[in-house]
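J.: need a structure here:
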Amino acid sequence: MPRSEKPTAATTDAHPAGRALRLGADLYAIQTQPGLEGIALEEAAARIPGARPLTDRVMPERSGLGIFTARCSPALLKLRCAEDLFAVMAYRRAIDGDLEAVRAAVRDTWHLEWALQARTRLMPGSRSGRRLRFRVVARMAGEHEFRRVDFKRAVDKGVIERADHAWHLDEERADLEIWATLIGDEFIAMLRLSDDRMRHREYKIADRPGSLRPAVAAALAWLSGPRDDDVVLDPACGIGTILIERAELGRYKLLLGGDHDSEALAAARLNVGPRYKPIELRVWDAVAMPLADRSVSAIVTNLPWGMKFGSHRDNRRLYPRLIEEFKRVLAPGGRMVMLTGERALMRELIADRAIAPERVLKVSILGAFAEIFVCRGQA
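T.: Here you go, the predicted model:
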């Protein structure tokens, strides 16, 4: 299983982090925010029969990739911790600045056909055939002697030069998206198998500035170790994304959410709609919740970062009070999952023994460095 403490966007030097890939049918990649690729692979292994995680990669401050093998199944598009799904179609471990090697890797790959078959199976109604329009999304990390536009052009040419079809480049009306990624000297080309619905959930009717990305919320919920008898609490639930994503991961006994902002709760009620029952949403102060001691089995929350709302000074007073209230309502053996950008403050709380995390994950959310802290309720 992928390491949760590996270098991520905060520390990576943009060189490949894992072993070389071996191309073949049924080789997929799921894209996440940097640092969450291991969690996405955990979910894939648990929820897709026969899925086998292989390795992961990070594009600093942009995305993480979890790479695995699995049978082609609609379950691939139901993964909650992923923002995009791809079929890996071309690969070269060490290009050493040679764009001709990139061009040849795309032109000569034997694995594009299975990728197209997977796309047709997973996306009914998608166009297939010898005459299709395509575009290339090119991404580079690390130092290179060429520009991104030159890298993209090499991939474009490799696609056009293939003898098995007569595709043409069309940036505006493309039927296919090929994502070309260069990390250090490692080149990976992937055919996109998902559309925007995987990243932007259909339930999200109401939104507000600063709301959590659904796949990040799902990763937090996954880290809580979902169980059928869970009473799940998000003490600062905002528009309800974490609670909804937890509901989508499996059965539960009760969802509880609260916030001091009544407008945010109104948005949460719109997003929840008639689904995800039983659920309770209340206006409250998270440092004094109207809940009994040891009454919840999981707390999953995005703590205030002191950036768009509040301040770091406010958080220094707020966090110790929040933690004490969380510990009061969390049942023995329950799990507490907290995301925050206040990394130094959390280290102080650890030093003061206010919390004793069993797992800490370094992540990057839309370019902002943060950490996830997973703690157990004390007996």
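J.: what ranges of the stretch 101-250 of the chain fall below the confidence cut-off?
T.: Segments of the stretch 101-250 of the chain classed as low confidence (criterion: pLDDT under 70) are not present in this model.
J.: Now for the closest residue in space to Ala268 that isn't next to it in sequence, how many residues are close by?
T.: Spatial nearest neighbour of Ala268, chain neighbours left out: Gly240 (3.3 Å); criterion: CB to CB, 6 or more residues apart in numbering. Placement of C-beta: from N, CA and C, glycine included. For Gly240, the number of neighbouring residues by other CB atoms under 10 Å comes to 29.
J.: my guess is Gly240 meets Arg275, correct?
T.: No: proximity of Gly240 to Arg275 does not meet the contact threshold set by CB atoms under 8 Å, at 11.0 Å.
J.: Quick check: phi and psi on Asp26?
T.: Comment: the main-chain dihedrals of Asp26 come out as phi 70, psi 30, following degrees, to the nearest 10.
J.: Report the contact partners of it.
T.: Residues near Asp26 by CB atoms under 8 Å, 6 or more residues apart in numbering: Thr69, Ala70, Arg71, Cys72, Trp114.
J.: Please name the residues that touch the third one.
T.: For Arg71, the contact set (CB under 8 Å, 6+ apart) comprises Asp26, Ile48, Pro49, Gly50.
J.: Looks to me like it is in a strand.
T.: No: secondary structure of Arg71, determined by DSSP: H, G, I helix; E, B strand; the rest coil: coil, with no strand assignment.
J.: tell me the pLDDT at it?
T.: We note a pLDDT of 94 for Arg71 in this prediction.
J.: Tell me how far it lies from Met190.
T.: Arg71 sits 18 Å away from Met190 when distances are taken as CB to CB, to the nearest Å.
J.: Walking through the protein, point out its helices one by one.
T.: Shown for the chain, the helices assigned by DSSP state H span residues 37-47, 99-108, 112-122, 148-160, 196-199, 214-223, 241-249, 262-272, 312-329, 343-351.
J.: From the contacts of Arg71, list the buried ones, please.
T.: Listed as buried from these are Asp26, Ile48; burial here means 16 or more other CB atoms under 10 Å.
J.: can the contacts of Arg71 go into CSV with extra columns for pLDDT and distance to Leu349?
T.: Formatted as CSV, the contacts of Arg71 follow (pLDDT from 0 to 100; distance: CB to CB, whole Å):
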residue, pLDDT, distance to Leu349
Asp26, 93, 44
Ile48, 95, 37
Pro49, 92, 41
Gly50, 94, 42
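J.: Let me know the closest of the contacts of Arg71 to Val136.
T.: Distance to Val136 across those (CB to CB) is lowest for Asp26, with 23.2 Å.
J.: Measure how buried Ala104 is and give me the count.
T.: Ala104: 18 neighbours (other CB under 10 Å).
J.: distance of it from Ala154?
T.: Taking CB to CB, one finds Ala104 at 9 Å from Ala154.
J.: cool, Ala82 as well?
T.: Distance, Ala82 to Ala154, using CB to CB: 28 Å.
J.: and what of Lys253?
T.: Per CB to CB, Lys253 is found 55 Å from Ala154.
J.: between the two, which one's more packed in?
T.: Summary of the neighbour comparison: Lys253 and Ala154, criterion other CB under 10 Å, with Ala154 having more neighbours (25 against 13).
J.: ok, the more buried one touching Glu100?
T.: Yes: the pair formed by Ala154 and Glu100 meets the contact definition of CB under 8 Å, at 7.5 Å.
J.: so Val296 sits right up against Val232, yeah?
T.: Yes: the pair formed by Val296 and Val232 meets the contact definition of CB under 8 Å, at 7.1 Å.
J.: Residues that sit against both of these two, list them.
T.: Shared contacts of Val296 and Val232 (CB under 8 Å, 6+ apart): Leu256.
J.: Looking at these two, which one has more neighbours?
T.: With neighbours defined as other CB under 10 Å, Val296 and Val232 compare such that Val232 has more, 27 against 23.
J.: dump the residue contacts of that one.
T.: If a contact means CB under 8 Å, 6+ apart, then Val232 has 221, 224, 243, 246, 252, 254-256, 296-300 as its contacts.
J.: same check, this time on Ala331
T.: For Ala331, the contacting residues are Arg294, Ser295, Val296, Ser297, Gly377, taking CB under 8 Å, 6+ apart as the criterion.
J.: Neighbours of the nearest residue to Glu113 once chain neighbours are set aside, how many?
T.: Nearest-residue entry for Glu113: Asp164, 7.3 Å, with adjacent residues in sequence omitted and distances by CB to CB, 6+ apart. Neighbour count of Asp164, defined by other CB under 10 Å: 10.
J.: quick one: the residue lying farthest from the centre of the chain from Leu112, how far?
T.: Computed with CA atoms, centre = their mean, the residue of the chain farthest from its C-alpha average is Ala163, at 36.1 Å. When CB to CB is the yardstick, Ala163 and Leu112 sit 11 Å from each other.
J.: what does Ile160 give?
T.: 13 Å.
J.: among the contacts of Ala331, which ones are buried?
T.: Buried residues within those, counting neighbours by 16+ other CB under 10 Å: Ser295, Val296, Ser297, Gly377.
J.: Could you break the chain into its assigned domains?
T.: The chain is divided into the following domains under automatic domain parsing: 27-197, 214-376.
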